[in-house]
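1. I'll drop the sequence and a predicted model, then ask my questions.
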Amino acid sequence: MFRSEVKPAVLRQVVDTVSIIVGEGKFRVNQDGMSLKSVDPTHVAMVDLELNRSAFESFEADDQELGIDIEKLKNVLRSATPSDVITLHLDEESNRLILNMGNLMRSMSLLDTRHMTDPKIPDIELPAIVVMDGEELERGIKAAENVSDHVIISMDNESFELRAEGDTDSVDLKIPNDLLLDLKCDKRVKSIFALSYFSNMIRAARASKVVKIGLGVDYPVKIEFDIAGGKGHVLYLLAPRIPG
Amino acid sequence: MFRSEVKPAVLRQVVDTVSIIVGEGKFRVNQDGMSLKSVDPTHVAMVDLELNRSAFESFEADDQELGIDIEKLKNVLRSATPSDVITLHLDEESNRLILNMGNLMRSMSLLDTRHMTDPKIPDIELPAIVVMDGEELERGIKAAENVSDHVIISMDNESFELRAEGDTDSVDLKIPNDLLLDLKCDKRVKSIFALSYFSNMIRAARASKVVKIGLGVDYPVKIEFDIAGGKGHVLYLLAPRIPG
Amino acid sequence: MFRSEVKPAVLRQVVDTVSIIVGEGKFRVNQDGMSLKSVDPTHVAMVDLELNRSAFESFEADDQELGIDIEKLKNVLRSATPSDVITLHLDEESNRLILNMGNLMRSMSLLDTRHMTDPKIPDIELPAIVVMDGEELERGIKAAENVSDHVIISMDNESFELRAEGDTDSVDLKIPNDLLLDLKCDKRVKSIFALSYFSNMIRAARASKVVKIGLGVDYPVKIEFDIAGGKGHVLYLLAPRIPG
């Protein structure tokens, strides 16, 4: 069984952070809450989302998987007003997810999860970690999008740097240590990423103002932030591009 | 002769309610005010609009018909500010409608009304009548648009219900009696309608918060509401779809 | 050398007024400030922009030309916040313009100015001059765009008039003397212009509320207004269309 009540804003954070990676999600629910691990179709980006049962207004679930069309869930949320509480429950007979908001009921058939991969999120150690307000970073990303489709991220013990290089133009955002919330970096690290994925991940982190980024040398980047006022957590992994 | 002064907001309600049915309107003006009866090109939807002379700041008209391009009138209204009073008058010599707003004059040739049909709005009796705030209904429509292109409307003596059914998903909005302003329904009634027309009609009713809906069994729906602060009235009729 | 600091709003006015005429601009900088004279590709419209050094927060420049891609500069400004001060400087070694906003650096290669024409702005005398608030005019333009792609501008000693004539419809905006800030007109003048250019020019004048228009008989129109709080000036010249 699965039955829970949740505020639209919380469900919207889930949908927004997951939808940049996959269109269909295999959510696991159990007595602790809800979680999802997904990898994008090109196997470049992964998301690992955890939402504690305390993020819900009420929550009861047997251990099971729910295959959900993320785009449909997004549409349902468009009908919600901030004061709503959405009731979600699984109708086991019809294998449908039933959402109630006030007098409105939306029934959604669940997707078959058997063909959905269950990616193992690698537990990688990264030599450099920065914690910062994501807003400044968004500005750099916006500027970078005008000159290139990839972005060079680097750190040393003095600053975090985002760089984009086009044929004739370049963008450089260098945030010094004193404007960062935390910086741990023993040696200089640098990796190149697809700008579209990187920017979507940073924008998704807007839900929480504080974002934590782990970086290595030509290695995946780890982007982490809280959702649901600290009652949930999102981890993205993005594979580097081969420097060319 | 025809000469009147009107606030842009009133004219905008006329344009908005008529334009969902027809692009060219045959307006009748006489000493009582302005009216229009139109049927859409597919003969599925009708509008019957009445605007009392008291809805105008001033009004003088001989009994006559004015063929007006609704889209053009919509464009003219885009140049109007809320504090404007629009003067409309018929220049009989050039057969043009002249609109003045402040220093701006817009002259618009009238359309030939001879080829425009003059539909008879059937005076149908409907066994079920509901009066409600249209806002809640709009929410159901918005959700319904994600799952289907038609909508099932039903009533019994306890509630009003809107339902949309897709291949795998469904939407259901059930408004109980105590949330309705009025409900008269002796027997259960149900009809199916094209969602696009039904939703446009309900959205047009936004001009008045209160909307009255008359329903039968596999029969046209009647949607009625006031415009111009009660000095005008709109009636829509929408033919049912054959249940399939 | 060229190095200056400027508020984004000032640079945005420069970009907005120039971009309606050309996509690539040859800016001249010298000890007095910045200027540009450009003609559009069809040789119908010209812009003559002057920006005094006092419009900048700081300004130092040798006499030289900077070939700038206006669209790129527009994009850079999208990353600016109103509280920013943008530092622009020329990196002579790489022949790039470097823009700094906070921690963000944008480097932009300069365009070769050798193939850019250096139009001589003709010093024409016009028999009629009107000074007015551009807002009223914008309303006329908006209405005119619905009926025609050219506009007839005329003046006599009593009023300024804008007129557009379509096949069946017309728009007429007549602003009497007492609603104008100034009107000097000895004889009746009238010229016809491409509406798209004329409307873009009037809309660009929004930066300053007051616009000065000089007109003749089948002769170019001169549209002038201040930018940067009076520390800059824009002059447009637009060739008339042959009356047909």
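-> Noted; the coordinates are in hand. Numbering: from 1, shown residues only, chains lettered A, B, ... in the order given.
2. relative to B:L238, how far out is the residue in chain A sticking out farthest from the centre?
-> In chain A, A:T168 marks the outermost C-alpha relative to the chain mean, sitting 32.9 Å out by C-alpha atoms, centre = their mean. Counting by C-beta to C-beta, to the nearest Å, the gap from A:T168 to B:L238 is 59 Å. Backbone N, C-alpha and C define where each C-beta goes, glycine included.
3. so, low pLDDT: which residues of chain A?
-> A:243-244 (pLDDT under 70).
4. flag every residue of it that's near chain C.
-> Residues of chain A lying close to chain C (C-beta under 8 Å from any C-beta of the partner chain) are A:136, A:139-140, A:142-143, A:146, A:168-176, A:179.
5. write the PyMOL selection for whichever of these are buried.
-> To isolate the buried members of the residues of chain A next to chain C in PyMOL, using 16 or more other C-beta atoms under 10 Å in any protein chain shown:
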select buried, chain A and resi 136+139+140+142+143+146+169+170+171+172+173+174+175
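6. quick one: buried residues of stretch A:73-90?
-> Neighbour-count burial for stretch A:73-90, counted by 16+ other C-beta under 10 Å, picks out A:73-77, A:79-80, A:84, A:86-90.
7. looking at these, which are in strands?
-> Judged by DSSP state E, those include A:86-90 as members of strands.
8. adding distance to C:R206, write these out as JSON lines.
-> Formatted as JSON lines, these follow (distance: C-beta to C-beta, whole Å):
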{"residue": "A:I86", "distance to C:R206": "44"}
{"residue": "A:T87", "distance to C:R206": "50"}
{"residue": "A:L88", "distance to C:R206": "49"}
{"residue": "A:H89", "distance to C:R206": "54"}
{"residue": "A:L90", "distance to C:R206": "56"}
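9. from the residues you listed, which is closest to A:I21?
-> A:L88 (21.2 Å; C-beta to C-beta).
10. what about stretch A:28-48, start to end distance?
-> End-to-end distance for stretch A:28-48, by C-alpha to C-alpha, to the nearest Å: 11 Å.
11. of the ones in strands among the buried residues of stretch A:73-90, which is the nearest to A:S159?
-> Of these, the one sitting nearest to A:S159 (C-beta to C-beta) turns out to be A:I86, at 43.1 Å.
12. who does that closest one bridge with?
-> A:V6 (DSSP bridges).
13. show the contacting residues for it.
-> A:5-8, A:11, A:80, A:99-101 (C-beta atoms under 8 Å, 6 or more residues apart in numbering or on different chains).
14. are any of the residues you listed buried, and if so which?
-> The neighbour count (16+ other C-beta under 10 Å) marks A:6-8, A:11, A:80, A:99-101 as buried among the contacts of A:I86.
15. quick one: which of the ones in strands among the buried residues of stretch A:73-90 is nearest to chain B?
-> A:I86 (12.1 Å; C-beta to the nearest C-beta).
16. residues near the nearest residue to A:R241 once chain neighbours are set aside, how many?
-> Of all residues not flanking A:R241 in the chain, A:I192 sits nearest, at 4.6 Å (C-beta to C-beta, 6 or more residues apart in numbering or on different chains). For A:I192, the neighbour count with other C-beta atoms under 10 Å in any protein chain shown is 19.
17. and if you look at A:E125?
-> 8.
18. check A:T42 too.
-> 9.
19. give me the element A:R3 is part of.
-> Using DSSP states H and E, A:R3 sits in strand A:2-6.
20. just A:I21 next, same as before
-> Applying DSSP H and E, one finds A:I21 in no helix or strand.
21. tell me the contacts of it?
-> Contacts for A:I21 (C-beta under 8 Å, 6+ apart) come out as A:38-40, A:45-47, A:236.
22. what comes into contact with the helix or strand encompassing A:L66?
-> With elements taken from DSSP H and E, the one containing A:L66 is strand A:64-69. Contacts to strand A:64-69, defined as C-beta under 8 Å, 6+ apart, come from residues A:2, A:23-30, A:90, A:97, A:108, A:110-113, A:116.
23. for chain A, what lies in contact range of chain B?
-> A:72, A:75-76, A:78-79, A:96, A:102-109.
24. any idea which of the residues you listed has the most stuff around it?
-> Per-residue neighbour counts (other C-beta under 10 Å) across the residues of chain A next to chain B peak at A:R106, which has 28 neighbours.
25. ok, back up a step: which one of the contacts of A:I86 is nearest to A:I124?
-> Nearest to A:I124 among the contacts of A:I86: A:L11, at 29.7 Å, using C-beta to C-beta.
26. check contacts around the closest one.
-> Contacts of A:L11 (C-beta under 8 Å, 6+ apart): A:73, A:77, A:86.
27. how is chain A partitioned into domains?
-> Listed by automatic domain parsing, the domain ranges of chain A are A:2-109, A:128-238.
28. just to check, A:N177 is in contact with A:L183?
-> Yes - the pair A:N177 / A:L183 is scored as a contact, 5.4 Å apart, by C-beta atoms under 8 Å.
29. the more surrounded of those two?
-> A:L183 (21 against 14).
30. how about the one helix or strand the more buried one maps to: buried residues?
-> Using DSSP H and E, A:L183 maps to strand A:182-185. Across strand A:182-185, burial judged by 16+ other C-beta under 10 Å covers A:183, A:185.
31. quick check: helices, which of the residues of chain A next to chain B are part of them?
-> Counted as lying in helices by DSSP state H, out of these, are A:72, A:75-76, A:78.
32. dump those residues to TSV, plus distance to B:I68.
-> Output for these, formatted as TSV (distance: C-beta to C-beta, whole Å):
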residue	distance to B:I68
A:K72	42
A:N75	37
A:V76	41
A:R78	35
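33. what's the closest of the residues you listed to A:I242?
-> A:K72 (36.4 Å).
34. show me the contacts for the closest one.
-> A:108, B:146, B:169.
35. the inter-axis angle of the helix or strand hosting A:F27 versus strand A:86-91?
-> Element membership for A:F27 (DSSP H and E) is strand A:24-30. For strand A:24-30 against strand A:86-91, the angle by axes from the mean of the first three to the mean of the last three C-alpha atoms, to 10 degrees is 90 degrees.
36. strand A:24-30 pairs with which strands?
-> When pairing is defined by DSSP bridges, strand A:24-30 lines up against strand A:33-39 (antiparallel), strand A:64-69 (antiparallel).
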